[in-house]
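Asks: structure of the sequence below:
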Amino acid sequence: MQPWLILLRGINVGGHTKVPMAALKTALEEAGYTQVRTYIQSGNVWLQSPDTAEILQTHIAQLLHTHLGVTAAVLALTPDELAQAQAHNPFVEATAADPKMVHICFLSAAPDPANMAALEPYIGPNEACQLVGRYLYVHYGNGAGRTKLNLTVIEKKLGVVGTARNWNTVCTLRAMQDA
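Replies: Residues are numbered from 1 along each chain as shown. Now for the predicted structure:
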């Protein structure tokens, strides 16, 4: 059995696409996944499965729709992928100063780096972003709630699906992996 981090996009944000974590955990366990653990309401799940990332993503998306009436993008990462994402943070100083201002956008695939230029008009003062493989690191110097560089723009301009987590959440998910 392989441990997997499952990241759901856009659930329980602003009162939309509500998914109770207890119901999600139960549905995943009933579907045969083991060692299911959730973290906060934003769709973070550790579980064990012999399936590939592609099978997990498809199956869990179907499960969300069928059992919980929710349509959401699903990304599956291995523990090594999460460790790599954490290790390649280009905003170490900003992270040390205020970790909630640094986010990782976990992307479904590595986008064409040439598409990064399309994000430039959306990058505000005190903001920066850097693409490393299939991870887009964003420093929201004025806070993520005040930016034009939101996930919808990122997905549209880069041509991939993604979901973002702030640095504190990334660190907690990594600690959960090791627990």
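Asks: any idea how far the closest residue to Thr147 other than its chain neighbours lies from Trp4?
Replies: Nearest non-adjacent residue to Thr147, counting by CB to CB, 6 or more residues apart in numbering: Tyr140, 5.4 Å away. Glycine gets a C-beta too; all of them are placed from N, C-alpha and C. Distance of Tyr140 to Trp4, computed by CB to CB, to the nearest Å: 28 Å.
Asks: go on, Pro99?
Replies: Using CB to CB, Pro99 is found at 24 Å from Trp4.
Asks: and for this protein, the residue most distant from the center?
Replies: Pro125 (24.3 Å; CA atoms, centre = their mean).
Asks: hmm, His139 and that one touching each other?
Replies: No. Here Pro125 does not reach His139: they are 11.7 Å apart, not a contact under CB atoms under 8 Å.
Asks: rewinding a little: the residue nearest to Thr147 and Leu63: what is the separation?
Replies: Distance, Tyr140 to Leu63, by CB to CB: 32 Å.
Asks: list the buried residues in the helix ranked longest in the chain.
Replies: Ranked by number of residues, the top helix in the chain under DSSP state H is helix 53-68. Neighbour-count burial for helix 53-68 flags Ala53, Leu56, Gln57, His59, Ile60, Ala61, Leu63, Leu64, Leu68 (criterion: 16 or more other CB atoms under 10 Å).
Asks: next: stretch 23-34.
Replies: Result for stretch 23-34 [16+ other CB under 10 Å]: buried residues Leu24, Lys25, Ala27, Leu28, Ala31, Tyr33.
Asks: likewise for stretch 159-170?
Replies: Buried residues in stretch 159-170, counted by 16+ other CB under 10 Å: Val160, Val161, Gly162, Thr163, Ala164, Arg165, Asn166, Trp167, Thr169, Val170.
Asks: show me the contacts for the closest residue to Asn115 other than its chain neighbours.
Replies: Spatial nearest neighbour of Asn115, excluding adjacent residues (CB to CB, 6+ apart): Leu158 at 5.0 Å. For Leu158, the contacting residues are Leu107, Pro111, Asp112, Asn115, Met116, Ala118, Leu119, Leu136, by CB atoms under 8 Å, 6 or more residues apart in numbering.
Asks: pipe these into TSV and attach pLDDT, neighbour count and secondary structure per row.
Replies: Putting the contacts of Leu158 into TSV (pLDDT from 0 to 100; neighbours: other CB atoms under 10 Å; DSSP: H, G, I helix; E, B strand; the rest coil) gives the following:
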residue	pLDDT	neighbour count	secondary structure
Leu107	98	22	strand
Pro111	97	21	coil
Asp112	95	11	coil
Asn115	96	14	helix
Met116	96	15	helix
Ala118	97	15	helix
Leu119	97	19	helix
Leu136	98	24	strand
